[in-house]
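# Give the three-dimensional model of this entry:
(2 chains)
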Amino acid sequence: MKLTHDAAFANWTAPSALVLALTAAAVAQTPAPPPAPVGLQGLGYTTRPATLRPARPIPEEEAPAEAETAAPAAPDESTAAPATTRAAEVADDPTPIATDRDAYDVEFFPLPDGCVLEVGGMAMTSDGALYVSTRRGQVWRVDDPLADDIADAKVTLFHEGLWEGLGLDVVDDQIFVVQRGELSRLDDVDGDGRCDAVVTIADDWGLSGHYHEFAFGLPRTADGDWFVGLNVSFGDPEWWHGRSTVPYRGWILKVSPDGTVLPWASGLRSPNGIALDRGGDLYVTDNQGDWVASSPIYRIEKDRFYSHPKSLDWTPEYRAAGRLADDEIPPPEAATGRTGPAIWIPYQWSRSTGNLLEDTTNGRFGVHDGQFVVAELTNGMILRAGFEDVQGQRQGWITPLVEEIGSVNRVFQAEDGTVLCGLTNRGWGGLAPADGLARVRFKGRAAMEIESMRILDVPEEPTGDDADEFGFELTLARPVADGWAPTADAVKLVQYDYDYWWEYGSPERHMEELELASAALSEDRTKLRLRFAGMLPAMCVRLTLDGVTAADGSPLLHDTISYTVNQLPSGPPTNAYVAKTVPPPPSKQEGAAGVLHLSWGDALEQFDSEGWELCAAEVDAQNPARFAITPGSSALVNAAEGAGDFTTRGAFADFHLRFDFMLPEGGATSLGLGNGAERVRLVDDAAACGGLTKASAPPRTEVYAGAGQWTNVQLWYRAERADEPARIQRLDLNGVTVQEDVALAQVGRWMRGDGDAAAPPMSAPIAFGGTDGPVALRDIRVKPLGRPSGAVDDPNGDAGTDWTFLDAAGTWDDWEAMGDADFSVSNEGVAAKGALGWLWAPVDELGDVEVRFRAKVNANGAGALVLRARDTDAGVEGCAVRIDASYPAGGSTGTLSAGDAKAEVNATLVPSDTWVDVAVAIRDREGGGTDVDVSLNGVAVNRLSLEETLEPGGIALRTDHDGSVVRFANIRYVELAAGE
Amino acid sequence: MTLRKDPRIALVPLGRPSAWAVPVLLTLGLGALAAPGTDAASGEPAADGPTADGAALYAEHCARCHGANGNGEGTAELDRPARSFLDGGYSYGNTLRAVERSVRHGIPGTPMPAFGETLDADGIRAVSNFVVALGPPGTIVEEGASVLGPEARVEIVHGMLPPLSEGERVAPRGVALGFPNGTTFAYDKAEGELLAVLTGDFVDRRDWRDRGGAALKLLGNVSYRPDDAARAAGAARRDGVALERRVHTVAASGADGARLDFDLRTADGERVGGGSEYLGFARVADVPVPVRFLSVTGSGASFAPLGGSALALVEAGGGREAEVRRAGAGLFAVDVPDVPSVRVLVHAEKWSTALGDALAGALGAESDGSNDDGSDDGEDA
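Down below sits the predicted model:
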């Protein structure tokens, strides 16, 4: 029978495809590399100039004529608006400019139904169409974006199906987009206006699957190379702490059209905005967070380190040494090898910065040529900035420009000066609208603004006391009205700096208002020269002018401007930074967040402790080879005959462990790591104490002080990975390092040996030897490191899981309070203040589900998160996970209860006023009944097995009694598949 | 793109330095047929809702099998009973889009035919709404705004693929190709490896929620997963050593064609060749059977010969016959002797004469209609 076959192969203009396939096969017998790419021509790829890798050259005679596509035409001078001569225009119209909307039009493009434009990149083709890539992985084409009537612009879909598009470029009318995992070229092979081929240009960077691994772009150098920025991912001890588990997270990369990826600069956290100026200098905006005090604009230079330490793990030096940057201790590079931002954007203006661009339209946007326009999400505006080099270091000023646009993530400038603003804030937060595309056009009349700012050296010819005084020259867009004078009342300058630490952002520190030492207004009343007493380098300033108006009464639209003083213009250059290395915040001195106090409260509960008891112990004066034991709670001793190891119930991968031990004469214990094949010897012998049992690694220094003395142990341990052995990063006895960077070849290789590089590090309990001899232990605390927050049974953490975040701030109106508690929402999450009350999250009935959140409770406060919560006649039912540091009524944080059933945690694993990452999984058993598992800071601590099956229900936050203050943050859930 | 007028093209033999001036070895017929549904799916229904009369269309096209009242008891005699619509529940999922797909493309392996060329988009929408209305209320679930479904063209979706079964890992660099006929091919793009073929709805872009970054949710049912034998059959080798694939282009063509181009590299990362994997379908009784056409180039790059004698032959044009062998569960390899750089993989549980004919049709020649054992079932799975 003759069947109508499918067009599958035919559609490839097709025959050629197969011809070529077999042609290629024929060619296979010629030496490599074969001229394989003829296939591409055969498929019509010649309709676009191909920028292929050299490995697949286009034979010259096949090269398409279109490859010679002309560069975008120069602007037609006859139609383009002439560069604005502001003063002249202003003279024509006496109406004051009272708001930025008097100077700028802000219009939104009408979008087709169903188009949610979450803009991540923009560029124009030579026909004047704007291509817009989005976080949804779509690329939209906007025809006639500069039409007089914005309704005439037409928005159509060019492609969908990318994994985000946070940067877009147009080269010879071809569309390039940076996706999470690759830089791609989008080809419209058949010319129907839709992309039908995605060509990988480069993908040589790591992607672990963590949600925070964004890739940003996409500026291009004159040589045709792109720059791409990679986020760090997040992890413990705080959910927002950056990690760099795969190559080049936290780096700026230079990507060549041939696919070569060159790590360019390190130390970035969330480098959302990347731009080149006309001179080829690279600028990158970052987002505040750990190690990033406020939102910076860096000038990026090759091989420099900027701020966030985690990226250092991928420097050749760190890789060679197997070093990993610490979570909390600033790396050595921070002190001398760091490059500070050119501009710190004050927190009040930006908490989430988008990209920036240099205005090169000679005033068509009402911005001085060479100044920069900066996108901002949180406050939803664009700002204006300018740079100068001072003692070899770039620095500059910034001030708002057009406010209340919406969450502007991307700016792109057309040749007529129009600035297109692409919006998005999904999951990030920012001013509404949360998405869409706006265009901002200068109306032609300049507002009264501080047009620019530059730093002044000390006077060459001092006129009095001002010999040491630095200052600033401000240029105003228009002359100041008569009657205003730069007096000390009218000019305010505050100076401040920041902390460089692992906390999220930094307050402005060392804030000081500086005295105005001298001030002069130029004859034309547009230039102000201001000098201040006590200006220092490595500081920021914020300068405010009060009472300034233009002659026509136009107010100074933005009266405040900020300047980052990396260097003063003269004197010895400083090597200090605006963000100064400081000790971690005092309240976190112990790194309390993320720590589990395993032996607080019920000291035995979290251990397998056969033969051990909680008591008071000291070396027996009668028999110094044993302990004298009395009732008490200051020591854990393997007192009973036949005592076994003292082994944690939870398992740990990477961790920081601290504890104290004491031995009688001849006493001994050991610390088992991983599978226990390697042990740290803790013996009554200074030459051996701190050594290892297998590796030939005696303690570097003899620290052990002798029998009867408590010795403090601190161990930083990195678990075995598939591709590298476990490692003692550091072992300290009484604060003295006795081991450093010891690979433990013996540990591991027992759970797997398949070399699966992406497998999670090996987790294992920590075991204190109970059979080596008598020993006393106390105060055992473990801080899991580098682990995802709150994993119950998912060692890969959030990776690959479809978390639904309960964004309380964004959906607050849908949350429902009940009872006698007050609930409020802030950037820190939900705060619940007792008495007894519930807050219902806007979620549907949930069955098998894992919920993760962070919580903090005040001393004597208590609360809970209730799963499968139902409001019944008998009260709120469900399964409660208790958040309780110290309240006496039954069960500390991690306690589970449902109806009468209860599984208590009586170890006080988490102190009050300390954030803890909680994960709880609830699932029904086949055949009836429900199991609930809870972990704290990534370590499983408790389980409740219910005989009855708990009905599905919602999620409620609970505060238990008067005086309770419980905070919940970052609540998210994922439904568990059966058997998961 | 302009389709070439000549739908047939001569394929050149191997082993000659001149790639073009050689006699025909295989002739692959490649009629440039519009895929079913292309026209029908080209437009969304009018904003005011369908203007077509769903009841009338149902009576005309559906009632004979599904019954006048939708109880599945029509007058036609069928191999398999038609679905009753009275209880709700549909082959491709309980969304309106899924019902429309069934109407437009039919349901492979069942008597349900495709109406994509019979009804326009409006008519499909109308009859689908009518069918849905026959069932109990609440059967249809509203699709989330993040569900993508290919309609007139193959959709190429990049993203993180979730583990397809327990114990597997995510594939952060994944790509899913969704075909309007309800077939999805899921690849690990980093390794150029087919992970699965699925049938049903396409994909839910879970990463459109919250901050983004979540894995895609593939909505179809997994109909094929490669086993070791399949992986071996699909891997190009040189000197007996498997070469690594590195996909550099994923391309779609219309509604029924797609292609992955890849470099071939040694374990050391040296590029030693390239190749392509074409995705398409052979139709057997209107059931689209996934076919992958693999070809590689490069010195010494080839597919390992499969052992045993051929279980069927397929006329491949030019007087040549391609040999069919099993290449793992649910997979057959079709090789032309002495052309080790090309392999056609056919996703079917059983080989049949009809499949051979369909493939021969797709390859441009008719099968001789006979199998080695003469049975229509060929080899059992």
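# Which residue does the stretch 201-350 of chain B have closest to chain A?
In the stretch 201-350 of chain B, no residue comes nearer to chain A than residue B:280, which is 2.0 Å away by CB to the nearest CB. In short, each C-beta sits where N, CA and C put it, glycine included.
# Just give the number of residues close to that residue.
26 (other CB atoms under 10 Å in any protein chain shown).
# Quick check: it is in a helix.
No: when the secondary structure is assigned by DSSP: H, G, I helix; E, B strand; the rest coil, residue B:280 falls in strand instead of a helix.
# Not counting sequence-adjacent ones, nearest residue to residue A:531?
Counting by CB to CB, 6 or more residues apart in numbering or on different chains, residue A:531 lies nearest to residue A:471, which is 3.4 Å off, once chain neighbours are set aside.
# Isn't that neighbour up against residue A:534?
No: Residue A:471 is not in contact with residue A:534 according to CB atoms under 8 Å; the separation is 11.2 Å.
# returning to that earlier point: bridging residues for the residue of the stretch 201-350 of chain B closest to chain A?
Beta bridges link residue B:280 to residue B:291, judged by DSSP bridges.
# Can you show me the CA trace of stretch A:375-389 as CSV?
Extracted in CSV, the C-alpha atoms of stretch A:375-389 (Å, rounded to 0.1, in the frame of the first residue of the first chain):
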residue,chain,number,x,y,z
ALA,A,375,17.2,51.3,35.7
GLU,A,376,15.8,50.7,39.2
LEU,A,377,13.1,48.2,40.2
THR,A,378,12.2,48.8,43.9
ASN,A,379,11.4,52.4,43.7
GLY,A,380,10.5,52.0,40.0
MET,A,381,12.4,54.8,38.4
ILE,A,382,15.4,55.7,36.3
LEU,A,383,18.4,57.5,37.7
ARG,A,384,21.1,59.5,36.1
ALA,A,385,24.8,59.1,36.8
GLY,A,386,28.2,60.4,35.8
PHE,A,387,31.7,59.2,36.3
GLU,A,388,35.2,60.8,36.6
ASP,A,389,38.6,59.3,37.3
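# Next up, the contacts around residue A:571.
residue A:537 (CB atoms under 8 Å, 6 or more residues apart in numbering or on different chains).
# ok, now residue B:346?
Counted by CB under 8 Å, 6+ apart, residue B:346 has contacts B:282, B:289, B:290, B:291, B:292, B:324, B:331, B:332, B:333, B:334, B:355, B:359.
# Select, from those residues, the two members most distant in space.
B:290 and B:324 (15.5 Å; CB to CB).
# Which one's more surrounded, the two?
residue B:324 (26 against 23).
# And the more buried one, how close does it get to residue B:349?
14 Å (CB to CB, to the nearest Å).
# Residue A:594 now?
Taking CB to CB, one finds residue A:594 at 53 Å from residue B:349.
# Could you check which residue of the stretch 51-200 of chain B lies nearest chain A?
Counting by CB to the nearest CB, the stretch 51-200 of chain B gets nearest chain A through residue B:170, at 3.5 Å.
# count of neighbours near that residue?
Residue B:170, neighbours per other CB under 10 Å, totals 22.
# what do you get for residue A:523?
Using other CB under 10 Å: residue A:523 sits among 8 other residues.
# And for the one 5 residues further on?
Burial measure for residue A:528: 23 neighbouring residues, criterion other CB under 10 Å.
# Surely it is in contact with residue A:520?
Yes: applying CB under 8 Å, one finds residue A:528 in contact with residue A:520, separated by 7.3 Å.
# Mutual contacts of those two, please.
residue A:486.
# returning to what we had before: mind giving me the ChimeraX command for buried ones among the contacts of residue B:346?
Burial among the contacts of residue B:346 is assessed by 16 or more other CB atoms under 10 Å in any protein chain shown; the matching ChimeraX selection reads:
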select /B:282,289,290,291,292,324,331,332,333,334,355,359
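# Including pLDDT, could the contacts of residue B:346 go into TSV?
Formatted as TSV, these follow (pLDDT from 0 to 100):
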residue	pLDDT
B:282	90
B:289	92
B:290	94
B:291	94
B:292	95
B:324	96
B:331	96
B:332	96
B:333	96
B:334	94
B:355	92
B:359	88
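# From what I see, residue A:863 and residue A:833 are in contact.
No: judged on CB under 8 Å, residue A:863 makes no contact with residue A:833 at a distance of 9.6 Å.
# ok, those two, which is more surrounded?
Comparing residue A:863 with residue A:833 by other CB under 10 Å, the one with more neighbours is residue A:863, at 33 against 19.
# residue boundaries of the strands in the stretch 251-381 of chain B?
B:257-265, B:271-284, B:287-297, B:302-303, B:312-315, B:321-326, B:332-335, B:342-346 (DSSP state E, counting those that start in this stretch).
# worst-scoring helix or strand of chain A, pLDDT-wise?
Every helix and strand in chain A was compared by mean pLDDT, DSSP states H and E; the lowest is helix A:38-42, with a mean of 29.
# in the chain, which spans are helices?
As the question left the chain open, I've gone with chain A. A:15-27, A:38-42, A:86-92, A:100-103, A:316-321, A:332-336 (DSSP state H).
# Correction: the question concerned chain B.
Using DSSP H, helices in chain B cover B:54-61, B:63-66, B:96-105, B:121-134, B:228-234, B:353-363.
# got a list of contacts for the second one?
I take that to be helix B:63-66. For helix B:63-66, the external contacting residues (CB under 8 Å, 6+ apart) are B:72, B:74, B:75, B:76, B:78, B:82, B:83, B:84, B:85, B:111, B:112.
# Mind listing what's buried along it?
Buried residues in helix B:63-66 (16+ other CB under 10 Å): B:63, B:65, B:66.
# Can you tell me which of those comes closest to residue A:313?
With CB to CB as the yardstick, the closest approach to residue A:313 among the buried residues of helix B:63-66 comes from residue B:66, at 62.3 Å.
# Pull up the overlap in contacts between residue A:863 and residue A:833.
A:959, A:964.
# Just give me how far stretch A:923-938 sits from the chain centre.
Distance of stretch A:923-938 from the chain centroid (CA atoms, centre = their mean, to the nearest Å) equals 31 Å.
# re earlier: can you list the contacts of residue B:346 in CSV and add distance to residue A:781?
CSV is the format used below for those (distance: CB to CB, whole Å):
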residue, distance to residue A:781
B:282, 65
B:289, 62
B:290, 57
B:291, 61
B:292, 56
B:324, 66
B:331, 55
B:332, 61
B:333, 60
B:334, 64
B:355, 66
B:359, 67
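# Closest one of the contacts of residue B:346 to residue A:744?
The closest of the contacts of residue B:346, once distances to residue A:744 are taken by CB to CB, is residue B:331, at 44.7 Å.
# Let me see the contact set for that closest one.
For residue B:331, the contacting residues are B:224, B:226, B:229, B:230, B:233, B:345, B:346, B:347, B:348, by CB under 8 Å, 6+ apart.
# Beta-bridge partners for the closest residue to the first one other than its chain neighbours, please?
Put plainly, it is residue B:224. Of all residues not flanking residue B:224 in the chain, residue B:197 sits nearest, at 3.9 Å (CB to CB, 6+ apart). Beta bridges link residue B:197 to residue B:185, residue B:224, judged by DSSP bridges.
# I'd like the distance between residue B:197 and residue B:290.
For residue B:197 relative to residue B:290 (CB to CB), the value is 6 Å.
# Ok, residue A:706 next?
The gap separating residue A:706 from residue B:290 is 75 Å, by CB to CB.
# any weak-confidence spans in the stretch 501-650 of chain A?
For the stretch 501-650 of chain A, applying pLDDT under 70 flags the ranges A:583-592.
# and what of the stretch 51-200 of chain B?
B:51, B:88-89, B:91-94, B:108-109, B:137-144.
# The stretch 201-350 of chain B now?
Answering for the stretch 201-350 of chain B: no residues sit below the bar, that is pLDDT under 70.
# let's go with 90 and repeat that
B:201, B:206-214, B:239-240, B:253-256, B:267-269, B:283-288, B:298-300, B:307-308, B:315-321, B:337-339 (pLDDT under 90).
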